[in-house]
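1. Model the following, please.
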Amino acid sequence: MKYKNIIYEKSDYIARVTLNRPQTLNAMCPELSDDISKAIKEVNEDDDVKVVIFKGAGRALSAGADLTKVGFVYGWEEPKPGKKARRPSLRVRLHFDRRTFWEQSQELLLCHKLTIAQAHGYLLGASLDLFLNCDLIIASEDCKLGHVEERLGLAGNTISPILVLRCGLTRALELCITGKMIDGKEASRIGLINRAVPADKLEAEVNELAKGLAQFPRDGIALGKASRHFLYDIMGVTQGLTRGYLMHTMGTNLSFEPDEFNFFKERRDKGVRGAAHEKEDFYKSLDK
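-> Numbers count the residues shown, from 1 in each chain. Got it, this is the predicted structure:
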């Protein structure tokens with residue numbers, strides 16, 4: 001397959017999918033999501049792949065959703081001051097969110113091969129939500145992880161069964177309600193990820209793990225993945241993906257009072273960078 005937004009490499013039963021939009025810190029967008037889905041399909045159909053590593057080019061695995069595209073992906077037009085724009089239809093928003101937050105998450109969660117997320121720099125927001133569906137997550141100690149998109153006004157909407165199962169309800173609630181970031185060390189301590197290692201050892205650590213996993217027989221890997229699918233159904237993880245995309249669509253109906261932070265208004269008036277800084281000032285008390 002041909003890819004525009006990822007680099008796909010394969011050797012010794014291991015596929016490496018490198019997100020390749022470094023100028024945006026590999027922020028998620030429809031084009032990148034489509035390439036990730038195509039790569040998952042390719043490894044599923046390739047009997048010479050046993051393990052898949054997801055990593056990022058440049059300074060991060062992924063910094064989350066591309067804030068320049070938030071809202072616009074539905075066909076929404078940003079209104080001028082004093083005017084209102086027509087809200088995109090419910091069917092358009094449901095269709096997009098089903099594809100992005102349900103279908104793709106299931107593709108990764110139920111990928112036929114063993115999956116490893118190799119996180120450095122940042123793993124935030126929609127990207128964290130996606131890569132939590134990997135079998136294993138290894139991060140650099142200084143990697144920043146968090147559901148920062150909550151600070152667009154969601155206040156806990158992104159909580160999911162897989163997040164609760166990984167780090168427990170108490171910590172999951174704090175991460176989702178506050179949108180705070182934690183580093184790789186803390187993420188490992190609370191069980192959000194499997195382990196954190198020094199940044200200069202991350203590549204070697206993941207490669208060594210992948211080589212060990214690639215020694216498993218193909219049938220053993222396939223059976224293990226099928227077993228986990230059954231388990232995820234029993235525990236409500238797959239049902240949680242359905243809840244996730246529906247809640248995201250409902251979240252696009254938010255209304256804001258004059259004294260509440262409105263990212264879309266700030267983005268219109270100050271641009272993405274200015275809106276991001278304004279958002280952090282507004283929520284700085286939550287980072288303690």
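
2. Which residue, other than its chain neighbours, is closest to residue 159?
-> residue 176 (4.4 Å; CB to CB, 6 or more residues apart in numbering). (Glycine included, C-beta is placed from N, CA and C.)

3. and the one you found, what is it in contact with?
-> With contact set as CB atoms under 8 Å, 6 or more residues apart in numbering, residue 176 has these partners: 147, 150, 156-159, 163.

4. ok, it to residue 107 distance?
-> 23 Å (CB to CB, to the nearest Å).

5. Where in the chain is the helix or strand with the lowest mean pLDDT?
-> One helix or strand of the chain scores below all others by mean pLDDT, DSSP states H and E: helix 263-282, with a mean of 75.

6. Quick check: pLDDT value at residue 79.
-> What the model reports as pLDDT for residue 79 is 67.

7. what about the helices in the stretch 51-200 of the chain?
-> 90-97, 104-109, 125-131, 161-167, 169-178, 184-189 (DSSP state H, counting those that start in this stretch).

8. Could you list the low-confidence segments of the chain?
-> Applying pLDDT under 70 to the chain flags residues 79, 82, 277-279, 282-283.

9. Show me where it has its strands.
-> Ranges of strands within the chain are 6-11, 14-19, 51-56, 114-119, 122-124, 136-140, 144-146, 181-183, 195-197, based on DSSP state E.

10. right, and the ones you listed - which one's nearest residue 230?
-> Minimum separation from residue 230 across these (CB to CB) falls at strand 114-119, 16.9 Å.

11. Partner strands of the closest one and their direction?
-> strand 51-56 (parallel), strand 136-140 (parallel) (DSSP bridges).

12. if we compare the ones you listed, which one ends up closest to residue 89?
-> Nearest of these (CB to CB): strand 51-56, 33.0 Å.

13. For that closest one, which outside residues touch it?
-> Contacts for strand 51-56 (CB under 8 Å, 6+ apart): 13-19, 22, 25-26, 36, 39-40, 43, 61-62, 111, 113-121, 131, 134, 206-207, 210, 213-214.

14. make it 6 Å
-> 14-19, 26, 43, 62, 113-118, 206, 210, 213-214 (CB atoms under 6 Å, 6 or more residues apart in numbering).

15. residues of that strand that come out buried?
-> 51-56 (16 or more other CB atoms under 10 Å).

16. again, but for stretch 103-110
-> Under 16+ other CB under 10 Å, the buried positions of stretch 103-110 are 104-110.

17. chain center to it, what's the gap?
-> Taking CA atoms, centre = their mean, to the nearest Å, one finds the center of stretch 103-110 at 11 Å from the center of the full chain.

18. okay, the strands of the chain in CSV with distance to residue 229 next?
-> Below are the strands of the chain laid out as CSV (distance: least, CB to CB, whole Å):
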stretch, distance to residue 229
strand 6-11, 24
strand 14-19, 20
strand 51-56, 16
strand 114-119, 13
strand 122-124, 24
strand 136-140, 17
strand 144-146, 26
strand 181-183, 29
strand 195-197, 25
